[in-house]
Structures are given as structure tokens and as C-alpha cells.
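*Asks:* need coordinates for the following:
(one chain, ligands or ions: 3)
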Amino acid sequence: MIILKTERDLQAMRPACRLAAVLLDEVAAFVRPGVTTRAIDEFAAARLSHYGARSAFLGYHQYPCHVCISVNEQVVHGLAGERRVEFGDIVSLDVGVAHNGFIGDTARTVPVGGCSLEAQRLLDVTEQALREGIAAAQAGNRVADIGRAVQRCVESNGYSVVREFVGHGVGRSMHEDPQVPNFVEPGRASHRLKPGMTIAIEPMVNRGGPGVKVLKDGWTVVTEDGELSAHFEHTVLITETGPEILTCHEQTELKRRAG
Ligand code: MF3
Ligand code: CO
Ligand code: CO
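*Replies:* Ligands and ions are numbered 1, 2, ... in the order given. Model (predicted):
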């Protein structure tokens, strides 16, 4: 069942999403060569408590960390630990903030200090795929139009889209209907996008093949072929006049300045 958000819901959800955007920026700025993934997670925990917000991930199906930190060939759901990230690594940071009874979900992959041009291209294409997915999130379109836009962008650049994990509705719960795949399944029925829907669009893009597997820790998803993977995500509101990125504080500032 898809839950449409009322204006009142959105008044509570917007700040949760804005906090997620702020936290993601802060965590990304904290990442530097030599820092352990545990230190990154602890930094996120400290910022969350500073804001009086909670991690939406900690304890979710017993997930043990505040943010998801996935390095290089790790796709999503990495676990923080004693590993030190190094110059040249790429690190996927996925942040879920619970605040005001709602959740904001947003992710980005960043280089540690710097990275190879090839790795940077993977990041750029994945971010571009997210942008094109968002542009397709128009009322009257179908959910499948998002996946079609993402898949086209990714595959036309020679990369592949992960199939086992998908975007999703988000609101009072982290994973609501509908599922938002980053690919098209021919012949599969797909919901029409309606104003008031809030969805997390989140391409997971592999430099090699699309295959992934879960490590023995029960959480960390890695590419089957050991190639690099990237992940970008925004929580997006469908409106009459187009998609609105909720996990974006620059936009809020622009509006504030305009107003
Ligand atoms: N943030 C992930 C998503 O985008 C979900 C993380 S689930 C957790 O859907 F258990 F790992 F936290
Ligand atoms: Co996420
Ligand atoms: Co998500």
C-alpha cells in the first residue's frame, strides 16, 4: 500500500530529510586517509545526538551501525570496524535520519583524498543516473520510467545496475511501497506516480558485472567480480509541478534566499 503524504506529514518529514542531507555532508567531509570506518560511524552518531535525531538504520533488522559505510567493491550495507580508508579508495556513505516521526534517506560515494579518473567516472555516471532518475519522477509517469532512465544512463556508459537491491517508498517507515528498481522488467506492472508520494531513488552501479553477494558477516554486499561499485540516493517528493528533492539543504537555502 502506497502512503501519500499530506502537507502536515511533509511539515514533519522535510526537517528529517534536511537533517539527513546535512549529516551526509558532514560525514563526507570527515572522511580522510587513515580514518577507520568505526571512527566515521562514531562521528555520525555524535552529530545525530547533537541534532537530537536518531539513526534509522541502527537496530533495523539488527543492523549494528549508525550509517552504512561501503568501501570500493562493497556495494551497500558495509559494517564499520577497524579498517582504515586509504587515499584512492571510494567510500559509499548512506545516511538514514529518524526525526519528527519521519525518515530521510540519502547516500553518496566519495573519493578518499582523491581517486583514479576511472573511479571518478564511475561516481560521476552514478550521480548522473540518479539525476536522470529524479527527472523521470513526474506525476503521471510510472515508477518504471525512473528505472528506465537510470538503466539507460548507466548502461550507455558501459556500467551495470545492481538488481538485488532497489529504491523504495519512504516516510514513517524506511521501506514503504512501492519498490523503485533501477532497471526495467519487461511486462511487469508499475504504479503511476502521484503527488504526495515520497520515494528513495538510489542507483547502485557496478563497474563490472551486475552480480553481487553478501559476505559472511550477513550484511556487507560486495560485487561478485570484485570491481568497484558506487551508490547515490535522494528522498524525493512527487508534486504536481515536478520532483522535489527533500534530502537537499542547498535547495532550501536557495528558496530561503529567494523568499
Ligand atoms: N539505507 C538503505 C536504503 O537505502 C537501507 C539500510 S538498511 C540497514 O534503503 F539495515 F542497513 F540499515
Ligand atoms: Co539509504
Ligand atoms: Co534507501
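*Asks:* who's in contact with Glu240?
*Replies:* Glu240 sits next to 139, 195 when contact means CB atoms under 8 Å, 6 or more residues apart in numbering. Heads up, the C-betas are built off the backbone N, CA and C, glycines and all.
*Asks:* quick one, grab the pLDDT at it.
*Replies:* With respect to pLDDT, Glu240 has a value of 97.
*Asks:* please tell me how far it sits from ligand 2.
*Replies:* Using CB to the ion, to the nearest Å, Glu240 is found at 26 Å from ligand 2.
*Asks:* what does Met13 give?
*Replies:* Applying CB to the ion to Met13 and ligand 2 gives a distance of 15 Å.
*Asks:* quick check: residues of this structure near ligand 3?
*Replies:* 105, 200, 202 (CB under 5 Å from the ion).
*Asks:* tell me the one of those residues nearest Leu193?
*Replies:* Ala200 (13.7 Å; CB to CB).
*Asks:* surely that closest one meets Val180?
*Replies:* Yes. The pair Ala200 / Val180 is scored as a contact, 7.0 Å apart, by CB atoms under 8 Å.
*Asks:* overlap of the contact sets of the two?
*Replies:* With CB under 8 Å, 6+ apart, Ala200 and Val180 have common neighbours 167-169.
*Asks:* please, which helix or strand holds Ile238?
*Replies:* strand 234-239 (DSSP states H and E).
*Asks:* before we move on, the earlier item: for the residues of the chain next to ligand 3, which one is nearest ligand 2?
*Replies:* Asp105 (4.2 Å; CB to the ion).
*Asks:* and stretch 91-104, how far out from the chain middle?
*Replies:* Stretch 91-104 has its C-alpha centroid displaced from the chain centroid by 9 Å (CA atoms, centre = their mean, to the nearest Å).
*Asks:* repeat for stretch 222-233
*Replies:* Centroid separation for stretch 222-233 versus its chain: 13 Å, with CA atoms, centre = their mean.
*Asks:* measure that stretch end to end?
*Replies:* Between the start and the finish of stretch 222-233 there is a gap of 18 Å, counting by CA to CA, to the nearest Å.
*Asks:* which positions in it come out as buried?
*Replies:* 222-223, 227-233 (16 or more other CB atoms under 10 Å).
*Asks:* and the furthest pair within those residues?
*Replies:* Glu227 and Glu233, at 20.3 Å, using CB to CB across the buried residues of stretch 222-233.
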